[in-house]
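1. Sharing a model that was predicted from the sequence below.
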Amino acid sequence: MLGVLITLAVVAVVAYCVLKNYYPPIILLIAGFVMLICAAVMGTPPMAPEKSTHFFGFDLGEAFTALMRSRLPGLGLNIMLIAGFSVYMDRIGASRALVKLCVRPLQAIRSPYVLLAVTYIVGQFMALFINSAVALGLLLMASVYPLLVALGVSRASAAAVIGSTCCLDLGPASSNAMRAADLLKTDVVTYFVQDQIPVALCVIATVAIGQFFVQRWFDRRDASKLSAEGAGEKQDIEKAFEGAGPVHYAFLPMLPLVLLIVFSPMVYAGVKLSLQTGIIVSIVIAFLVDLITRRGFKDCCKRTEAVFEGMGKVFTSTVSLICCAELFAMGVNKLGGVFTLISAAASMEGAGVWVMLFRKSYSKLLDVFSDFFPHFTRVRAAFSKVGCIQLKPLEGQ
């Protein structure tokens with residue numbers, strides 16, 4: 001029971017700190033160390049005896065070091081290389097070239113809500129190669145958004161579709177896909193092709209159709225606002241393509257995915273290509289293409305700095321968070337609080353009866369409280385409109 005109380009207290013403090021905008025990795029790291037210390041006091045050491053440094057203070061550091069060693073060469077390095085490649089593609093103008101190539105055909109579609117649905121599909125396709133959701137969103141907002149508004153779609157609908165283009169975490173470059181493939185003991189390309197694509201095609205089609213009908217319904221409901229919104233924005237579309245590379249640069253962001261699929265067990269198993277090697281090869285090819293196209297060796301070398309800038313930024317924002325969160329999870333597991341709660345819930349026979357009794361008593365308590373505090377009745381009614389408080393008792397009570 002003590003483990004449960006400590007776990008709940010630490011989780012509450014972590015939640016408070018995160019809400020107050022403290023740096024999440026260090027908060028999770030400190031919380032993990034606190035729980036490991038508490039677990040050690042309760043008889044569960046942070047490290048197994050065969051891996052112990054034989055000094056408790058060093059064992060705490062060794063626990064985190066072991067997590068770093070297990071994550072950095074694998075998932076951590078994958079994420080950093082992907083981020084570095086993505087920043088490099090943006091630096092040389094390849095990302096903008098890809099968006100320009102994909103967006104140009106959309107301008108031939110004159111039906112606003114057909115364009116809305118197609119925008120979602122094209123955006124989801126581009127998300128496979130532009131791994132930064134922020135970068136893709138900004139590019140689409142600068143290129144497709146004015147076109148949608150000029151055709152009569154409301155600003156809210158256009159922004160909603162663009163914001164949802166990264167809602168599916170797809171592709172070998174996805175950290176979630178890497179982790180899922182690791183758990184399934186398969187390579188990430190096989191997982192992407194055999195497991196993700198069949199589901200993703202159905203989801204993308206469903207969401208695109210839903211965007212067509214839902215956004216049109218909302219726009220018709222707010223039809224009076226549309227005429228004033230769309231004026232004078234179509235001329236801004238060209239600004240999105242400033243800094244875009246030549247048209248053949250559009251194929252550079254696709255290189256890692258193409259290489260990984262071609263040299264995979266599903267296509268050609270004679271050559272084994274890892275994700276990390278595929279990205280490194282793609283960076284080298286992109287560098288050579290940039291050098292041949294622009295013929296400025298010093299400038300081309302300078303632009304490759306973006307690779308390491310991107311790797312460093314994603315380490316501070318994502319990889320460090322993963323490692324610190326895993327130490328936090330280790331502390332939770334060592335304390336045994338979550339396991340205790342799960343075991344207690346599983347062993348409770350007739351738990352539903354207790355929940356029903358609590359619900360009925362809670363409703364009676366609200367009635368009594370409302371009698372003594374008339375103003376609370378209005379607050380309660382306001383909450384009930386959004387479903388926060390159930391006022392009606394269950395049938396049969």
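-> Great, that's in hand.

2. So for the helix or strand hosting S70, mean pLDDT?
-> Using DSSP states H and E, S70 sits within helix 56-71. In this model, helix 56-71 has a mean pLDDT of 81.

3. now for that helix, which elements pack on it?
-> Under the contact criterion of 3 or more Cβ pairs under 8 Å, 6 or more residues apart in numbering; DSSP states H and E, helix 56-71 touches helix 24-41, helix 320-335. Yep, even glycine has a C-beta here, placed from its N, CA and C like the rest.

4. need those helices in JSON lines with mean pLDDT, distance to I92 and mean neighbour count, can you?
-> Shown next, in JSON lines, are the helices and strands packed on helix 56-71 (pLDDT from 0 to 100; distance: least, Cβ to Cβ, whole Å; neighbours: other Cβ atoms under 10 Å):
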{"stretch": "helix 24-41", "mean pLDDT": "86", "distance to I92": "31", "mean neighbour count": "20"}
{"stretch": "helix 320-335", "mean pLDDT": "83", "distance to I92": "27", "mean neighbour count": "21"}
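
5. can you give me the helices for the stretch 251-397 of the chain?
-> 255-262, 275-294, 297-303, 305-314, 320-335, 337-347, 351-372, 374-385 (DSSP state H, counting those that start in this stretch).

6. can you check the stretch 101-250 of the chain too?
-> 112-127, 133-150, 155-163, 175-183, 188-191, 197-221, 223-229.

7. just how off-centre is the longest one within its chain?
-> Going back to what we said before, that points to helix 197-221. 20 Å (Cα atoms, centre = their mean, to the nearest Å).

8. Just the pLDDT at the residue nearest the centre of the chain, thanks.
-> For the chain, the residue nearest the mean C-alpha position is D169 (6.9 Å; Cα atoms, centre = their mean). Here the pLDDT value assigned to D169 is 76.

9. hmm, back to that, how far off centre is the helix holding S70?
-> Using Cα atoms, centre = their mean, the offset of helix 56-71 from its chain centre is 27 Å.

10. I would like the residues contacting the helix or strand following that helix, please.
-> Where DSSP H and E defines the elements, the next helix or strand beyond helix 56-71 is helix 77-91. Contacting residues not belonging to helix 77-91 are listed as 95-96, 129-132, 135, 173, 175, 178, 252-253, 256, 275-276, 279-280, 282-283, 286, 303-304, 306-311, 313-315, 318-319 [Cβ atoms under 8 Å, 6 or more residues apart in numbering].

11. go with 7 Å
-> 95, 130-132, 135, 173, 175, 178, 252-253, 256, 275-276, 279, 282-283, 286, 303-304, 306-311, 313-315, 318-319 (Cβ atoms under 7 Å, 6 or more residues apart in numbering).

12. still on that earlier bit, so what does the residue nearest to the centre of the chain have for phi and psi?
-> In terms of degrees, to the nearest 10, the main-chain angles of D169 are phi -90, psi 90.

13. Excluding chain neighbours, give the residue nearest to it in space.
-> Once flanking residues are discounted, D169 sits nearest to N176: 4.7 Å by Cβ to Cβ, 6 or more residues apart in numbering.

14. residue ranges with poor pLDDT in the chain?
-> 1, 131-132, 134-135, 138, 142-143, 223-243, 337-397 (pLDDT under 70).

15. Where do the domain boundaries of it fall?
-> Following automatic domain parsing, the chain resolves into domains at 2-75+319-342, 80-317, 351-385.

16. mind listing what's buried in stretch 250-264?
-> Neighbour counts over stretch 250-264 (16 or more other Cβ atoms under 10 Å) mark A250, F251, L252, P253, L255, P256, L257, L259, L260, I261, F263, S264 as buried.

17. any idea how far the second one is from V199?
-> If you measure F251 against V199 using Cβ to Cβ, to the nearest Å, the figure is 27 Å.

18. what's the answer for Y249, then?
-> For Y249, the distance to V199 - Cβ to Cβ - is 31 Å.

19. Pretty sure P256 sits against S282.
-> Yes: here P256 lies in contact with S282, judged by Cβ atoms under 7 Å, at a distance of 4.7 Å.

20. List the contacts of A306.
-> V87, Y88, R91 are the contacts of A306 under Cβ under 7 Å, 6+ apart.

21. Kindly reformat those residues as CSV and extend each row with neighbour count and distance to V10.
-> Output for the contacts of A306, formatted as CSV (neighbours: other Cβ atoms under 10 Å; distance: Cβ to Cβ, whole Å):
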residue, neighbour count, distance to V10
V87, 23, 36
Y88, 27, 40
R91, 19, 42
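
22. Which member of those residues is positioned nearest W217?
-> V87 (39.1 Å; Cβ to Cβ).
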